[in-house]
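Engineer: A structural model of the following input is requested.
(2 chains)
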Amino acid sequence: MDKVSILGYGAYVPRYRLKIDEIEKAWTDKEYSTRSRRLGVEEKAVAGFDEDEVTMGYEAARNAVKRAGIDPADLGGIITGCMSRRFRDKSVSAMIAQMLGTSEVLACDCVHSSKSGSSALILGKSMAEAGDRSVLVIATDNPHVAPCDDLEPLSGSGAVAFVCGKGKGVAHIEGSYSCSREVYDIWQPVEVPYMYYDMNVSRQLYRDVTVQATRAYMERNGTKVDDYTYFVLSQQDARVPLGVARALKIPKEKMAAGFLCSRIGDLYSASALIGVAAILDTAKEGERILASSYGSGGADTIGLRVGKGIKGRKDACPSIEDYLNDKVYIDYLSFLRYSHVI
Amino acid sequence: MTEEYRFIEHCAGDINRTIPKRYRLQGSRCSKCGALFVTKRLICPECKGTDFEEVALSGRGKVYTYSAVKVPLLPVLKKGHYGIGIIELEEGVKAEGQIVDIDPDDLKVGMEVDATIRRAREEYPGKVIYMYRFKPVRR
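Structural biologist: Modelled structure (predicted):
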């Protein structure tokens, strides 16, 4: 059986940024203000008035397909990981398939968890391994958070996409390990418009499960922290992932390249994977990446090795740094308008 | 259904029928004389031919002319000022569309743009209509 690689990757970060100071100015509650500062997020990416998870996913997918150098009509599957999807009964993947110009494709969504992006990648890899056509995996999120909620300063918007297929790729997927527990940390009953959130439970379980999945992956594959050049963890905020890194004895410098939370916020299903894309923008052949994504009490750890195909594909479309540097600051009122709250 | 939705419904036509045009800027080429059009045609104005083939346009081009809209056409658009322009595509034909991701006062003739897809409007609650837009090429 041929090895499956990531043939192309792409990302999209909207250009609007909201500084956390703006949120604090709107909500002058002292406790709220101190809390958001302590979590280390400076600003977050905000989807424009005419953007949502579908348009952002499309942009990322278009970049990934362009980097992979394939025709969208050759895709065998499109799997989209999206936690904040607006529709209960409409496929985001099918919409993106139509936008890319293909219809003879298996389009399915991986939903209801902030690790749905990494789960989609694991499924996409397996699907590409079993079949003979490439699979497009998208992780996109545009979370709807209640104003003045604890999550408001942390939740960002953005998307990332990967094309999994056989051939000389930008990175080879070495393996994955997942674990899952039952918990109420972020949940949203169907009749309410916003998510409920229990910060303490979420932080505790995030630590436990991420450490468990990452250690188990390394033990099973006989690897150590020193074997990896880069580590990426789910970035719920800019503080807790560093605590997990300390527990796993991961040096700070190995986390730096994929650590984007303080600049764009938590992208939920795309949180860890956009870090992987940022690393691929600068990585060299042979370097190894270990990414761990957390959501709804579970964690997916994925090991990657940068391949020969990385040469010449980086410049095919804008890098993450290009998207991060192209920004326009907005005030809190514009943010509410762009989020369709008012 | 509100008056606003009724008006939009009348304008929208068949949502599924317009997908190739709205998502992928699908044009048509006259099989007889090769003339290219951004829209679907029934009769070629050049040779009066009636046989057309569908062509997916690249979406890349340059701003031919533009206008900054300060007052939106319909209150339902709920949008502030935005840029709208005629884009001369690589294929040589001109397409009209909104130019996003840029302050309309910063628009310039000759600026390189690329097609993307954005939310255009919402028909009935939750039924989002997406439409191609143009955005400046940043690299």
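Engineer: how far away is the residue nearest the centre of chain B from chain A?
Structural biologist: In chain B, the residue lying closest to the centroid (CA atoms, centre = their mean) is residue B:97, at 4.1 Å. Note on residue B:97: its distance to chain A, by CB to the nearest CB, to the nearest Å, is 12 Å. C-beta coordinates here come from the backbone N, C-alpha and C atoms, glycine included.
Engineer: for that residue, give me its contacts.
Structural biologist: B:84, B:85, B:87, B:115, B:132, B:133, B:134 (CB atoms under 8 Å, 6 or more residues apart in numbering or on different chains).
Engineer: give the burial count for whichever residue of chain B sits closest to chain A, as a bare number.
Structural biologist: Closest residue of chain B to chain A, CB to the nearest CB: residue B:118 (4.1 Å). Per other CB atoms under 10 Å in any protein chain shown, the neighbour tally for residue B:118 reads 22.
Engineer: so which bits of stretch A:205-222 are buried?
Structural biologist: A:205, A:206, A:207, A:208, A:209, A:210, A:211, A:212, A:213, A:214, A:217, A:218 (16 or more other CB atoms under 10 Å in any protein chain shown).
Engineer: all strands for the stretch 1-150 of chain A, in order.
Structural biologist: A:4-12, A:16-19, A:43-46, A:75-82, A:106-111, A:134-141 (DSSP state E, counting those that start in this stretch).
Engineer: buried deepest among these, which one?
Structural biologist: strand A:134-141 (a mean of 32; mean count of other CB atoms under 10 Å in any protein chain shown).
Engineer: was I right about residue A:98 contacting residue B:23?
Structural biologist: Yes - with contact defined as CB atoms under 8 Å, residue A:98 counts as touching residue B:23 (5.9 Å).
Engineer: partners of the residue nearest to the centre of chain B in the sheet?
Structural biologist: Beta-bridge pairing of residue B:97 under DSSP bridges involves residue B:85.
Engineer: now it: how far from residue A:47?
Structural biologist: From residue B:97 across to residue A:47, the span is 20 Å (CB to CB, to the nearest Å).
Engineer: with residue A:107 instead?
Structural biologist: Taking CB to CB, one finds residue A:107 at 22 Å from residue A:47.
Engineer: please apply the same query to residue B:128.
Structural biologist: 13 Å.
Engineer: higher neighbour count, the two?
Structural biologist: A direct count of neighbours by other CB under 10 Å for residue B:128 and residue A:47 places residue A:47 higher, at 25 against 17.
Engineer: wait, what's in contact with the residue nearest to that one when sequence neighbours are not counted?
Structural biologist: Residue nearest to residue A:47 in three dimensions, not counting chain neighbours: residue A:157, with 4.1 Å by CB to CB, 6 or more residues apart in numbering or on different chains. By CB under 8 Å, 6+ apart, the contact list for residue A:157 reads A:13-14, A:44-47, A:51, A:56, A:141-143, A:265, A:267.
Engineer: would you list the phi and psi of residue A:157?
Structural biologist: Here is the backbone geometry of residue A:157 (degrees, to the nearest 10): phi -120, psi 150.
Engineer: quick check: bridge partners of residue A:158?
Structural biologist: Beta bridges link residue A:158 to residue A:141, judged by DSSP bridges.
Engineer: what about it, how many residues close to it?
Structural biologist: 32.
Engineer: also the one 10 residues further on?
Structural biologist: By the criterion of other CB under 10 Å, residue A:168 has 11 neighbours.
Engineer: quick one: secondary structure of it?
Structural biologist: coil (DSSP: H, G, I helix; E, B strand; the rest coil).
Engineer: can you pull out the helices in chain B?
Structural biologist: B:3-12, B:19-24 (DSSP state H).
Engineer: could you tell me the least trusted of those helices?
Structural biologist: Within the helices of chain B, the stretch with the lowest mean pLDDT is helix B:3-12, showing a mean of 45.
Engineer: the residue of the stretch 51-200 of chain A at minimum distance from chain B: how many residues sit nearby?
Structural biologist: Residue nearest to chain B within the stretch 51-200 of chain A: residue A:99 (4.7 Å; CB to the nearest CB). Look at residue A:99: counted by other CB under 10 Å, it has 24 neighbours.
Engineer: this completes my enquiry, with thanks.
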